[in-house]
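Peer 1: how would this look folded up:
(one chain, ligands or ions: 1)
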Amino acid sequence: MSTVGESGGIEALYPFLAPAPVDREAVVTDLCASTRRKADEIVALRRSLVALHAERLVACARAMAAAFDAGGRLFAFGNGGSSTDAQAVAQLFAAPPEPAHAVAAVGGVAAGAPVPARAEPVRAVAAVPLAQDVALLTALSNDVGYELVFARQLAALGRPGDVAMGLSTSGGSANVLNAMTEASRRGMLTVGLVGYDGGPMAQEDRVAYLFVVPSASVHRIQEAQITLCHVLWELTQRVLTGET
Ligand SMILES: O=C(CO)[C@@H](O)[C@H](O)[C@H](O)[C@H](O)COP(=O)(O)O
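Peer 2: Next comes the predicted model:
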């Protein structure tokens with residue numbers, strides 16, 4: 001059995017576990033610098049998305065609002081961290097924060113300060129995350145195949161005019177790609193959020209509205225994707241509530 005302290009043991013991977021004296025100040029300095037680098041990186045990435053996607057975000061929000069106005073529902077899905085992001089997005093659309101709550105939560109808005117969330121009325125729409133039902137996910141994975149867990153749900157639930165939103169950092173997860181294909185086949189509006197250079201999701205006009213976050217860090221991609229989702233929700237609300 002391998003033990004801590006053996007040459008090539010666990011401390012080779014995690015040197016801070018070794019009993020050697022640690023320069024705590026140096027560690028804290030390193031951690032601060034690393035945190036600052038990551039914060040700078042995500043701020044720059046988010047800024048770059050404005051130039052890259054502003055027009056597409058507006059067009060997509062208009063299309064989503066039209067879908068919701070006509071009775072369409074949102075189905076959101078992804079794997080791992082993207083599954084929880086999909087859950088957060090569905091919850092945001094289905095149970096948006098009431099303006100009074102959002103403002104009260106920060107103790108009111110000072111004159112001239114940016115409004116923390118919408119001060120205008122919000123409209124809830126039907127939205128369902130597709131990775132939340134463990135029984136369904138395990139049964140579909142076991143009986144049909146993990147690559148079809150989302151496509152099979154869309155085949156059962158999706159109608160023309162619904163919205164399918166797939167989140168993937170690589171753009172290459174088979175279950176997300178298959179779900180997009182199924183959604184298009186059913187006449188649903190397809191929205192994809194991906195990272196890197198878009199991966200397979202960016203090929204063959206697979207989705208109607210594709211948002212590529214040009215980063216090679218899974219963490220930065222997910223952070224930026226959830227920001228894009230919040231912007232999409234905000235813009236969709238503006239159209240739905242007749243502000244624009
Ligand atoms: O959350 C993370 C990393 O932050 C991971 O769980 C990550 O989401 C998983 O590895 C996913 O399976 C990756 O899938 P995808 O984003 O490439 O579609």
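Peer 1: Kindly report the residues of the protein close to the ligand.
Peer 2: Of all the residues in the chain, those in contact range of the ligand (CB under 6 Å from any ligand atom) are Asn79, Gly80, Gly81, Ser82, Ser168, Thr169, Ser170, Ser173, Val176, Val218, His219, Gln222. (Each C-beta comes from the backbone N, C-alpha and C, glycine too.)
Peer 1: next SSE after the strand ranked longest in the chain?
Peer 2: What stands out as the longest strand in the chain, according to DSSP state E, is strand 189-195. Once the chain leaves strand 189-195, the next helix or strand it forms, by DSSP states H and E, is strand 209-213.
Peer 1: who touches the spatially closest residue to Leu74 that is not a sequence neighbour in this structure?
Peer 2: If you skip the residues right next to it in sequence, Leu74 has Ala127 as its closest partner in space, 3.9 Å away by CB to CB, 6 or more residues apart in numbering. Shown here is Ala127, whose contacts under the criterion CB atoms under 8 Å, 6 or more residues apart in numbering are Arg73, Leu74, Phe75, Ala76, Val89, Ala90, Gln91, Leu92, Phe93, Ala94.
Peer 1: Val122 is in contact with the last one, correct?
Peer 2: No. With the criterion set as CB atoms under 8 Å, Ala94 and Val122 do not qualify as a contacting pair; they are 11.1 Å apart.
Peer 1: Can you get me a residue count around the residue lying closest to Leu189 once chain neighbours are set aside?
Peer 2: Excluding its sequence neighbours, the residue lying closest to Leu189 (CB to CB, 6+ apart) is Val163, at 4.7 Å. Look at Val163: counted by other CB atoms under 10 Å, it has 26 neighbours.
Peer 1: my read: Val163 touches Gly187, true?
Peer 2: No. Between Val163 and Gly187 there is no contact, the gap being 11.3 Å when judged by CB under 8 Å.
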